[in-house]
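Chemist: This is a predicted model, with the sequence first.
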Amino acid sequence: MTDSFSITDLAREFDVTTRTIRFYEDQGLIAPDRQGQTRIYGQRDRVRLRLIMRGKRLGFALKEIRDLLDLYETDRSEITQLTILINKIDERRDTLRKQRADIDATLEELDLLEENCQQELRRKSG
DNA sequence: ATTCTCACA
DNA sequence: TGTGAGAA
């Protein structure tokens, strides 16, 4: 009674739509029990949902999050689980740094372009 | 209010 | 990675 939730309960709690929660189920990230065909979520699903949201904040793909989640259930020794997570973290940092490098490059190019424009403007008006 | 499916960005 | 619509 206190540890089972409807899809709307969890949708409100995590500020997502019910569609999104069903979508995550389709993608294999959660597997709630059923009463007939309506989904009944337990604390286990709730915890997984919380981990999913954190993974999303950090920019991990749903597939990655699913793999990590699966590890948590199957792998009894947390050592391999943790090393894999650390690898994911390193990967993520890498792609973010590359994105930042791309953004910096674009910013610089914009600076150069504007400089040319300002120069042209001065030539034509001044 | 919930579920599923198909389509769509 | 989700959303919208239609039907049950």
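Modeler: Yep, it's here.

Chemist: in chain A, which spans are helices?
Modeler: A:7-14, A:18-26, A:43-57, A:62-74, A:78-125 (DSSP state H).

Chemist: who's in contact with the residue nearest the centre of chain A?
Modeler: Closest residue to the average C-alpha location of chain A: A:K56 at 1.7 Å, with C-alpha atoms, centre = their mean. Contacts for A:K56 (C-beta atoms under 8 Å, 6 or more residues apart in numbering) come out as A:I65. In this view, the C-beta of every residue, glycine as well, is placed from N, C-alpha and C.

Chemist: ditto for A:I52
Modeler: A:Y24, A:L29, A:I30, A:L62, A:I65, A:L69.

Chemist: Tell me the spacing between it and DNA strand B.
Modeler: Using C-beta to the nearest atom of the strand, to the nearest Å, A:I52 is found at 17 Å from DNA strand B.

Chemist: what's the answer for A:T20, then?
Modeler: Counting by C-beta to the nearest atom of the strand, the gap from A:T20 to DNA strand B is 11 Å.

Chemist: tally of neighbours for the nearest residue to A:G55 once chain neighbours are set aside?
Modeler: Closest residue to A:G55 apart from its sequence neighbours, by C-beta to C-beta, 6 or more residues apart in numbering: A:I65 at 3.9 Å. Counted with other C-beta atoms under 10 Å, residues neighbouring A:I65 total 22.

Chemist: dump the residue contacts of A:L29.
Modeler: Per C-beta under 8 Å, 6+ apart, neighbours of A:L29: A:R48, A:I52, A:L62, A:I65, A:R66, A:L69.

Chemist: give me every residue that touches the last one.
Modeler: Looking back up the chat, that one is A:L69. A:L29, A:R48, A:L51, A:I52.

Chemist: gap between the third one and A:S6?
Modeler: The spacing between A:L51 and A:S6, counted by C-beta to C-beta, to the nearest Å, is 20 Å.

Chemist: Switch the contacts of A:L69 over to TSV; also include pLDDT and distance to A:L82.
Modeler: Output for those, formatted as TSV (pLDDT from 0 to 100; distance: C-beta to C-beta, whole Å):
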residue	pLDDT	distance to A:L82
A:L29	97	20
A:R48	96	18
A:L51	96	14
A:I52	98	19
